[in-house]
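J.: I need the structure of the sequence given here:
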Amino acid sequence: MIQPPGESPFKYQDAGKNLQRKMMGQEYDALAHAKETKTPVAYLFISGNIQELFRAFGFLVLYPEINALQCGIKKAAGPLILKAEDKGYSSDVCGYVKNDIGLVIQNNKSPMGNLPRPDLLVCNFSGCNTYIKWFEALSEFYDVPLVMLDVPYVRDAAVPKEDLDYTVSQLHDLVATCEKITGKAFDKAELSRILELSRKAEDRWCEVLEEAANVPSPIDAYFEAVFFMAGINIFRGTKECVDYYDAVLREIAERKERGIGPVEKERFRVVMEGPPPWPHFRAFWELFKRWGVVATAATYPKVGGLFDTGLRHDPSRPIESLAEYSLQCYTNWSLDKRAKLIEDYVKHFKADAVVIHSVKSCRSFSVGQGDFRDKFVREKNIPTLLVESDLADPRYFQEAQLRNRIDAFFEALEHRKLTAKGGA
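T.: A predicted model of the protein is given here:
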């Protein structure tokens, strides 16, 4: 196709990225002016976050994990982590935590602008013990109320009724706290309206993820999906979030029509486990791109909710629905349930292998990953590569070592495929 001078031959490419950049800019601008506009601010975690409840009360929501991720991408995490270590935080402490403490030390001046102090800290604990100590530290720094939402661990196929009832009772207590801080009465109808928008966005998000089942895949369900997931994690419950996924789906449809993919030629399909190394994100992706590797499924984009397993918010049961959602997050599942999910991804998305990125400072992900590798290789005959670095600390990314491990793995995998083809 001949490209007209100064015009793109594609109508929808980068539409999702551009819209997300606009949404993020508006969100951080609103947060920067929260004090001036007298808008209450709640700090939450992404895993099992109940942002819809806070939207119903008029809160702005800030996620320290997202701040750390942004600092990592913008090459600002290293100095912030050192500030926290200078204050006595160990090198083994989660890189996200130290990034956040570094921001506190420098009065919340971040690459994204000035971040507001919280009016309320809500530790929506979903599988990560570090969350508790993290928000305890922030509560001391900011001298603001801290609410612990104690979410039971999910071990079995079905969530026990008593666990759901326990979570629901805590949400009712949280409603009372929000009423006290804002002076507003709880509006169940408004929460249901917001949850209906969440449900629509969740449907579209799952459509995006399912596109990776195509061969070749028009998207990378890890290296691209970790950005696509921003909508469902941060803006859920808004019309803008629904519009965002409509834009992403149009972009993917155009890719399929034009034969565009995340790599020039898809050679290997993998399932990715674990968060990416944000300070070296592009370099990490290139180590796989050079082999024609496409991630067709990944676990990290599910930390905000396992919607691709059928989970949805239900506007007709708003509080109960929020409780169900907060229980069903990847890091809140038992290791057996996580391993089964990865196996299902391998089958459904026609993957050739599993790649595990083990993060030094993130125990909620890294625990059990060695067992995953042994199980997949020895019991399931699934080729599995395990590499290590960190999600926030740039000091633990050793590109030459990673390249050697990745190259050796895909050389062997290529030989295995060729041998299997010859045997057939």
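J.: from here on, just use CA atoms for contacts and neighbour counts.
T.: OK.
J.: give me the nearest residue to the residue most central in space within the chain, chain neighbours excluded.
T.: Closest to where the C-alpha atoms of the chain average out (C-alpha atoms, centre = their mean) is residue 301, at 4.3 Å. Counting by C-alpha to C-alpha, 6 or more residues apart in numbering, residue 301 lies nearest to residue 226, which is 5.6 Å off, once chain neighbours are set aside.
J.: now the element after the helix or strand where the one you found lies, going C-ward?
T.: Following DSSP states H and E, one finds residue 226 within helix 225-234. Sequence-wise, the next helix or strand beyond helix 225-234 is helix 239-258, with elements assigned using DSSP H and E.
J.: next one: the next helix or strand after that next one to chain centre, how far?
T.: Sequence-wise, the next helix or strand beyond helix 239-258 is strand 268-273, with elements assigned using DSSP H and E. For strand 268-273, the distance between its averaged C-alpha position and the chain's averaged C-alpha position is 17 Å (C-alpha atoms, centre = their mean, to the nearest Å).
J.: which other residues reach the helix holding residue 226?
T.: Where contact means C-alpha atoms under 8 Å, 6 or more residues apart in numbering, the residues beyond helix 225-234 that reach it are 16, 20, 46, 201-202, 205, 209, 241, 244-245, 248, 300-301, 304.
J.: same check, this time on stretch 262-275
T.: Under the contact criterion C-alpha under 8 Å, 6+ apart, stretch 262-275 has outside partners 216-220, 222, 289, 291-300, 342, 345-346, 350-359, 365-366, 391.
J.: swap in 6 Å and give it another go.
T.: Applying C-alpha atoms under 6 Å, 6 or more residues apart in numbering, the set of residues contacting stretch 262-275 from outside is 219-220, 292-300, 351-357.
J.: same check on stretch 322-331?
T.: So stretch 322-331 is in contact with 48, 127, 167, 168, 303, 305, 306, going by C-alpha under 6 Å, 6+ apart.
J.: what about those, which are in helices?
T.: Secondary structure assignment by DSSP state H places 167, 168 of the contacts of stretch 322-331 in helices.
J.: so among the contacts of stretch 322-331, where is pLDDT lowest?
T.: Checked by pLDDT, those have residue 127 as the lowest-scoring entry (65).
J.: show me where the stretch 51-200 of the chain has its helices.
T.: All helices of the stretch 51-200 of the chain, identified by DSSP state H, counting those that start in this stretch, fall at 51-56, 64-73, 77-86, 95-105, 130-142, 161-182, 188-210.
J.: for residue 122, find the nearest of these.
T.: Ranking those by proximity to residue 122 (C-alpha to C-alpha) places helix 130-142 first, at 8.0 Å.
J.: how far off helix 95-105 does the closest one point, in degrees?
T.: Angle between the axes of helix 130-142 and helix 95-105 is 0 degrees (criterion: axes from the mean of the first three to the mean of the last three C-alpha atoms, to 10 degrees).
J.: what's around residue 371, how many residues?
T.: Using other C-alpha atoms under 10 Å, residue 371 has 12 neighbouring residues.
J.: just the buried residues of the strand or helix carrying it, please?
T.: With elements delineated by DSSP H and E, residue 371 resides in helix 369-374, which encompasses its position. By neighbour count on 16 or more other C-alpha atoms under 10 Å, the buried set for helix 369-374 is 369, 372, 373.
J.: is it true that residue 220 touches residue 298?
T.: No: the pair residue 220 and residue 298 does not pass the contact test of C-alpha atoms under 6 Å, sitting 9.4 Å apart.
J.: neighbours of the residue nearest to residue 175 when sequence neighbours are not counted, how many?
T.: Distances taken as C-alpha to C-alpha, 6+ apart put residue 186 closest to residue 175, at 6.9 Å, once the chain neighbours are dropped. Residue 186 has 15 neighbours, counted by other C-alpha under 10 Å.
J.: how far away is residue 186 from residue 146?
T.: The spacing between residue 186 and residue 146, counted by C-alpha to C-alpha, to the nearest Å, is 20 Å.
J.: ditto for residue 57
T.: Distance check for residue 57 against residue 146: by C-alpha to C-alpha, it reads 17 Å.
J.: neighbour-wise, which of those two wins?
T.: Between residue 57 and residue 146, residue 57 has the larger neighbour count (other C-alpha under 10 Å), namely 21 against 17.
J.: residue contacts, that one?
T.: Residue 57 sits next to no residue when contact means C-alpha under 6 Å, 6+ apart.
J.: ok, now how distant is it from residue 93?
T.: From residue 57 over to residue 93 (counting by C-alpha to C-alpha), the distance is 34 Å.
J.: roughly how far apart are the nearest residue in space to residue 391 that is not next to it in sequence and residue 251?
T.: In space, and not counting its chain neighbours, residue 391 is closest to residue 277: 4.1 Å by C-alpha to C-alpha, 6+ apart. Counting by C-alpha to C-alpha, the gap between residue 277 and residue 251 amounts to 26 Å.
J.: do residue 215 as well
T.: Distance, residue 215 to residue 251, using C-alpha to C-alpha: 17 Å.
J.: over to residue 345?
T.: Using C-alpha to C-alpha, residue 345 is found at 24 Å from residue 251.
J.: now residue 41
T.: For residue 41, the distance to residue 251 equals 34 Å [C-alpha to C-alpha].
J.: since we're on the residue nearest to residue 287 when sequence neighbours are not counted, how many residues are nearby?
T.: Counting by C-alpha to C-alpha, 6+ apart, residue 403 is the residue found nearest to residue 287 once chain neighbours are left out, at 6.2 Å. Residue 403 has 16 neighbours, counted by other C-alpha under 10 Å.
J.: try residue 192
T.: For residue 192, the count of nearby residues is 22 (other C-alpha under 10 Å).
J.: ditto for residue 180
T.: If we define neighbours as other C-alpha under 10 Å, then residue 180 has 11 of them.
J.: quick one, what contacts it?
T.: Neighbour list for residue 180: empty [criterion: C-alpha under 6 Å, 6+ apart].
J.: now for this protein, the helix or strand with the poorest mean pLDDT.
T.: When the helices and strands of the chain are scored by mean pLDDT, DSSP states H and E, helix 363-366 comes last with a mean of 80.
J.: and the pLDDT for the residue nearest to residue 101 when sequence neighbours are not counted?
T.: When the adjacent residues along the chain are set aside, residue 101 lies closest to residue 84, with 5.7 Å between them (C-alpha to C-alpha, 6+ apart). At residue 84 the predicted local distance difference test score is 93.
J.: could you number the chain from 38 rather than 1 from now on?
T.: With 38 as the first residue, the last one maps to residue 121.
J.: if I look at residue 121, how far off is residue 148?
T.: Residue 121 sits 17 Å away from residue 148, going by C-alpha to C-alpha.
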